[in-house]
Structures are given as C-alpha cells and as structure tokens.
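Novice: Need the 3D shape of this:
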Amino acid sequence: MAKKPDWEIPLLAQPKPEEFDFDLDRALQSVVGLHANIPEDAYTASILGTERAGSGVLIRDNGLVLTIGYLITEAESVWLSTADGRAVPGHALAYDQETGFGLVQALGRLQVPAIGLGRSSAVKAGDRVILAGGGRRQSVRAGVIGTQEFAGYWEYLLEAAIFTAPAHPFWGGAGLIGRDGTLLGIGSLNVQQVVERDNPRDINMVVPIDILKPVLDELLAYGKRNKPARPWLGLYSAESDKKIVVAGLAERGPAAAAGMRVGDIIWAVRDESVASLADFYRMVWASGDAGAEIPIELLRDGRTDWVRVKSIDRSTLLKAPRLQ
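Specialist: This is a model prediction of the structure:
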C-alpha cells in the first residue's frame, strides 16, 4: 500500500502562495503519491525494479491519474496516496511508449481536485514553474531552462522536452505546474547540464503535456495507441565523439539476436549515414512497422559490416496490467 512521502524539500526551495496567481495549495492537492509492485519475472523487473515509487497527477474528476509510464509498466498492483495520507488502489490503465506517459485509474475516491491541462507549447526559458511531488513540502519552486529535442538511449525521442532547475530529487511522475495553475508536463528524468567552467548541475527533463492531448482518447479506449507499433531493436545507444555507439543490448531483444555487440558503432541505416541518435531513431521508425527488417551498417574493430535486425513490438515482451 502507498505511504505518505517521508521526505521534504528544503524550506527555501518550496513554492510560496504569494509567488503565484492561483490557489497553490488546491493545485498541489491534485498531485498524488504512486507506488507500484511488479512481478519478479516481469521483463522490466531487473531494469526498473519490482517496487517503484513516484507521483501522479489527477487530470479528471473520475479518478484518472497521469504519470510517467516506467513507474507502472507491468505493474500487478498500484496504490495512490493523497497528501493527507489517504490511500486507494489503482489500475494501470495505459502506457504509451512513444510519449512515455502512463495512465492510472483510481479504484476509490481520491477526494482531491483535478487539475486542468495547460499549453506546454507556450513554455519559454525563464518561466517560473513548480515541479510538484505532492504538497508544498514535496514540491520545488523552479525555472524553465528551455525546451529542446531529447533522444533517450532506450529508443525514445521527444521533439520538445522541457528542462527545469533546480532539480527535484524525486522527479518520477511529478507534475509541472505553470504560473496559471495548469499542468504543463510530467517529470521523467534527472539529467546533467554543463554550465560555467564545465561544472555539471542536476536538472529535470519533463515530458510536455501537449503531446498527450491528441492520443488521450485512444489510450483510454485501447490502453495504447490504436495503430501498428514502431519497430523496436532492443538497443541502448549513446552519442560519443559524434558517433552512435551501442552501449547495451536488451535481453532477448532483436539486436542481440542479430549479432550486434556492445561497442559497435552504428554507421548507416538502409544506406543512409547516421548523424545523431535522433537521426538513427527516425531512420529506424521510417523503415516500417514493428516486424520490419532493418539493415544496419556497423563499424567494428576498424571494419564495416552489415546486420539485418528483425524488429519487434516491444509490448509483446511485457506483462499485461492486472485489474485489482
């Protein structure tokens, strides 16, 4: 069962009501704690763990909670907790691999207000925001650093991710609330930004809310996108010295089955040279739906070679959600 968070943000970093033109405490009530349990034999258990904790945001009065998808992937049970310590069970309703969003349906009354969806496309550098993990004591007063393309090593791409600082220490599923009191995105990652004198600082990457709006009805109706899945290779890739390097291989994934190795440099896809990680993903996804065979040219030990990777739908490896 979910528990009330026992951590607090330092007082100086907590948001203050006088800094915002809306009812701060009411908006923060929409952010709930989330605890998910995953079977030990689940595909993602060894990667993401069997117990996952974070936050979610109530976006509809009927109990619909928006969170980040990795918290609820393959969950067999989900619990939601309010800032005042009440807990209700939830059902992992949907997970969208393209955006990274997850949806949970509360199976009891949360008795907190839903928050409205804002316009993340209007966000600009310097905007004052809140990254909320619950009430004021679990929320960070932050600023928007900017928006830009983000390519994740796990075959994931956002056209306009939002970056904020200072970083929230428990960012997963946290709600990004704008100056008008609406929801602008959901916290996904902690990353590092190099600033003056090459000193890195921790910042948060937030998935923008605008990319949820066109697919929300599909996710509610089908639990996923109502279209063929993108091809998935089972690669963990990184950019190094302007090259795309295979940093890891998913267990039982197509790339491993095709003979790709850690350290391989991805040189081309279908005779088109690869310039960046985002470029690589776009080329793979443009090759067809899941099941398409992807020809990839590799540089290995100073020599080039071709492999043909038979892609799959990643969801076929995942356990379906259970209804509690």
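
Novice: where do the helices sit along the stretch 51-200 of the chain?
Specialist: With DSSP state H, counting those that start in this stretch as the definition, the stretch 51-200 of the chain shows no helices.

Novice: I figured residue 244 was touching residue 265, is that so?
Specialist: Yes. At 6.7 Å, residue 244 and residue 265 qualify as touching, with contact defined as Cβ atoms under 8 Å. The way it works is simple: take the backbone N, C-alpha and C, and place the C-beta from them, glycine included.

Novice: neighbour-wise, which of the two wins?
Specialist: Counted by other Cβ atoms under 10 Å, residue 244 and residue 265 do not tie: residue 244 has more neighbours, with 23 against 16.

Novice: what about the more buried one, which SS state?
Specialist: Three-state assignment for residue 244 (DSSP: H, G, I helix; E, B strand; the rest coil): strand.

Novice: Please name the nearest non-neighbouring residue to it.
Specialist: Excluding the flanking residues, the one nearest residue 244 by Cβ to Cβ, 6 or more residues apart in numbering is residue 266, at 4.2 Å.

Novice: Looking at the one helix or strand that neighbour maps to now, give me its mean pLDDT.
Specialist: Per DSSP states H and E, residue 266 falls inside strand 265-269. In this model, strand 265-269 carries a mean pLDDT of 97.

Novice: Name every strand pairing with that strand and say which way it goes.
Specialist: Each strand that pairs with strand 265-269, with its direction, by DSSP bridges: strand 243-249 (antiparallel), strand 272-273 (antiparallel), strand 293-300 (antiparallel).

Novice: Figure out which of these is closest to residue 317.
Specialist: Closest to residue 317 of the strands paired with strand 265-269 is strand 243-249 (Cβ to Cβ; 13.6 Å).

Novice: Low-confidence ranges, the chain, go.
Specialist: Applying pLDDT under 70 to the chain picks out residues 1-7, 194-198, 322-324.

Novice: That one - how does it break down into domains?
Specialist: 1-227, 235-317 (automatic domain parsing).

Novice: Can you say which of these is packed in most?
Specialist: Highest mean neighbour count among these (mean count of other Cβ atoms under 10 Å): domain 1-227, with a mean of 19.

Novice: So what's the gap between that one and the chain middle?
Specialist: A distance of 8 Å separates the C-alpha centroid of domain 1-227 from that of its chain, computed with Cα atoms, centre = their mean, to the nearest Å.

Novice: Could you do stretch 234-247 as well?
Specialist: That offset, for stretch 234-247, works out to 20 Å (Cα atoms, centre = their mean).

Novice: what's it in contact with?
Specialist: For stretch 234-247, the surrounding residues in contact (Cβ atoms under 8 Å, 6 or more residues apart in numbering) are 151, 153-155, 248-250, 252-256, 260-266, 274, 276-277, 280, 312, 314.

Novice: Of those residues, which belong to strands?
Specialist: Among these, the members found in strands (DSSP state E) are 151, 248, 249, 265, 266.

Novice: The last one contacts residue 275, correct?
Specialist: No. Distance between residue 266 and residue 275: 10.8 Å, which falls outside the contact criterion (Cβ under 8 Å).

Novice: Present the ones in strands among the contacts of stretch 234-247 as TSV; the columns should include distance to residue 42.
Specialist: Shown next, in TSV, are these (distance: Cβ to Cβ, whole Å):
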residue	distance to residue 42
151	26
248	19
249	19
265	32
266	29
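
Novice: now, which of those sits nearest residue 223?
Specialist: For these, the closest approach to residue 223 (Cβ to Cβ) belongs to residue 151, at 26.1 Å.

Novice: Only C-alpha atoms, please: export stretch 204-224 in CSV.
Specialist: In CSV, the C-alpha atoms belonging to stretch 204-224 read as follows (Å, rounded to 0.1, in the frame of the first residue of the first chain):
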residue,chain,number,x,y,z
ASN,A,204,14.9,17.7,-14.7
MET,A,205,13.6,16.6,-18.0
VAL,A,206,9.8,16.9,-18.3
VAL,A,207,7.5,15.3,-20.9
PRO,A,208,5.3,18.1,-22.3
ILE,A,209,1.6,17.8,-21.9
ASP,A,210,0.7,18.9,-25.4
ILE,A,211,1.7,15.5,-26.8
LEU,A,212,-0.8,13.8,-24.6
LYS,A,213,-3.8,15.6,-25.9
PRO,A,214,-4.0,14.1,-29.4
VAL,A,215,-3.7,10.5,-28.1
LEU,A,216,-5.6,10.6,-24.7
ASP,A,217,-8.9,9.2,-26.1
GLU,A,218,-7.0,6.4,-27.8
LEU,A,219,-5.2,5.5,-24.6
LEU,A,220,-8.4,5.5,-22.7
ALA,A,221,-10.2,3.3,-25.2
TYR,A,222,-7.4,0.8,-26.0
GLY,A,223,-4.7,1.1,-23.3
LYS,A,224,-2.2,2.0,-26.0
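
Novice: Good, wrapping up.
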